[in-house]
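Colleague: I'll drop the sequence and a predicted model, then ask my questions.
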Amino acid sequence: MPATSNYAFRYPALGDDPNIPEDIQFLAEDVDGALAATDAEVAIVRALLTGYGAASFTANGTLGASTAVVAATVVIPDPGFPYLIRASGSYAWGFVGASVVDLVGIHINIDSTTYSTNELSRGFGRSVSAGAGASQTTLQASERTSFGFAPFTGSHTVRMHLRNWSSSQTATFVGTSAENSLEVSIVPA
């Protein structure tokens, strides 16, 4: 049975045995599946336009000296128009057993898994030891809009990275803290 090129909707070929109920059922199932996928993307785009997209948080536990990790991600589906991205974030953290002041950084970027690439917003914090597993403070990256980039089209990913800038101390990031956030919205360009 052939299918359409864009959505793979099935349809009978001229030489197929006629079976109108089955052919209509196939078409209805294919259209239903395509509309469900579109509805899900439209719901995400509406959330990004009217508020903030839901973030997926992935960082929890310790982070060694001079290392970085992706802490949270928001995927923006293709909204069908050019747009700018707004983002801000925060994360709870502390140092384990540190006796000196050490530095931690937070970095929000667009379409990169590297800490300092395609930067949208960032922030830094300094601290001494908070004790093993404790939350010392909340590190914040203030809201910024992607005016420095050309308007975006299509789907893009916003990531929040954490970096332990210490040369010797281990940092603790509390993945379940109420202070953790990655807030992403879009604005038509």
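Modeller: Done, it's in. Computed from a predicted structure; not experimentally measured. Residues are numbered from 1 along each chain as shown.
Colleague: quick one: residue 54 from residue 6, how far?
Modeller: Distance of residue 54 to residue 6, given as C-beta to C-beta, to the nearest Å: 29 Å. Glycine gets a C-beta too; all of them are placed from N, C-alpha and C.
Colleague: Among those two, which residue is more densely surrounded?
Modeller: It is residue 54, of residue 54 and residue 6, that has more neighbours when counted by other C-beta atoms under 10 Å, with 12 against 7.
Colleague: contacting residues for the more buried one?
Modeller: Applying C-beta atoms under 8 Å, 6 or more residues apart in numbering to residue 54 gives the contacts 47, 74.
Colleague: Next one: it from residue 67, what distance?
Modeller: Distance, residue 54 to residue 67, using C-beta to C-beta: 27 Å.
Colleague: Check residue 23 too.
Modeller: Residue 23 is 58 Å from residue 67, by C-beta to C-beta.
Colleague: any idea which strand is longest in this protein?
Modeller: Identified as the longest strand of the chain according to DSSP state E is strand 83-96.
Colleague: Can you tell me the centre-most residue of this protein?
Modeller: Nearest residue to the geometric centre of the chain (C-alpha atoms, centre = their mean): residue 74, 1.7 Å.
Colleague: which residues does residue 9 contact?
Modeller: Residue 9 is in contact with 3, 27, 30-31, 34, counting by C-beta under 8 Å, 6+ apart.
Colleague: now these as TSV including secondary structure and distance to residue 12?
Modeller: Output for the contacts of residue 9, formatted as TSV (DSSP: H, G, I helix; E, B strand; the rest coil; distance: C-beta to C-beta, whole Å):
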residue	secondary structure	distance to residue 12
3	strand	11
27	helix	10
30	helix	13
31	helix	15
34	helix	19
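Colleague: buried subset of those residues?
Modeller: Buried members of the contacts of residue 9, scored by 16 or more other C-beta atoms under 10 Å, are residue 30.
Colleague: hey, C-alpha coordinates of the longest strand of the chain in CSV?
Modeller: The C-alpha trace of strand 83-96 is given here as CSV (Å, rounded to 0.1, in the frame of the first residue of the first chain):
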residue,chain,number,x,y,z
TYR,A,83,11.6,33.8,17.5
LEU,A,84,13.9,35.0,20.2
ILE,A,85,14.7,32.9,23.3
ARG,A,86,14.6,34.2,26.9
ALA,A,87,16.2,32.1,29.6
SER,A,88,17.2,32.3,33.3
GLY,A,89,18.1,29.7,35.8
SER,A,90,19.3,28.8,39.3
TYR,A,91,20.8,25.9,41.1
ALA,A,92,21.6,25.0,44.7
TRP,A,93,25.2,24.0,45.5
GLY,A,94,27.9,23.8,48.1
PHE,A,95,31.5,22.6,48.5
VAL,A,96,32.4,19.3,50.3
